[in-house]
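[1] What would the 3D arrangement of this be:
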Amino acid sequence: MPRFQLATSSKRPRAVAQAFTLGARFFASPILKSMALPPFGDHSMNTIKKTILVLVLLGLHVSAHADVVQVWECTLNDGKTPDDVMKASSAWLAAAKSMKGGAELKVYHEFPLAASPGPGGFNFVMIAPDAESWGVFSGGYESSAASKADQDWDKAAKCSGSSLWNSTRVN
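    The predicted structure is shown next:
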């Protein structure tokens, strides 16, 4: 699994405060003030600055509450069934949930209804509640209980690659 360092949720309030501070510094900077931009119709530069700041902060809010979805492309081993994969995945998920950052993980299998992934092809989908949890889980994966459960998983299916997605729910 790929690894990278992520901010922890205990730092989120500080990160938002830093964003406010950086935004305030940017909008009060001499460089921005020296730009001789004319007003846009009835909109003053202050209105435009405030609008940009609100949009940036909304973007921070959305990204802070997004699931992280990792999708593996897999193939059933010869003689194995989706039930075999389900058993191996259940054991793997139990081990993964015992790890730091893994308590809220969810796992789904995607078997094709109207697609052509090849014989025995399916997706293994792991969903973490946020990037922090995924990073903590991923960072502790090597020689973990879930890593050991991979051996049983490998008897049921093989996975060739994965992709990592930032997923936000549309209301």
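
[2] ok now do Ile145, which residues does it touch?
    One correction, residue 145 is Ala, not Ile. Applying Cβ atoms under 8 Å, 6 or more residues apart in numbering, we find Ala145 in contact with Ala95, Ala96, Ser98, Met99. Bear in mind the C-beta positions are built from the backbone N, C-alpha and C, glycine included.

[3] Just the mean pLDDT for stretch 160-171, thanks.
    For stretch 160-171, mean pLDDT is 89.

[4] Pull out the buried positions in it.
    Judged by neighbour count (16 or more other Cβ atoms under 10 Å), stretch 160-171 contains these buried residues: Ser162, Leu164.

[5] can you give me the strands in this protein?
    Defined through DSSP state E, the strands belonging to the chain, from first to last, are 67-76, 106-110, 121-128, 157-167.

[6] With distance to Gln151 as new columns, can those be given to me in a markdown table?
    Shown next, in a markdown table, are those (distance: least, Cβ to Cβ, whole Å):
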| stretch | distance to Gln151 |
| --- | --- |
| strand 67-76 | 16 |
| strand 106-110 | 17 |
| strand 121-128 | 16 |
| strand 157-167 | 12 |
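
[7] Residue ranges in the protein under the pLDDT threshold?
    Using pLDDT under 70 as the threshold, the predicted model of the chain has low-confidence ranges 1-65, 117.
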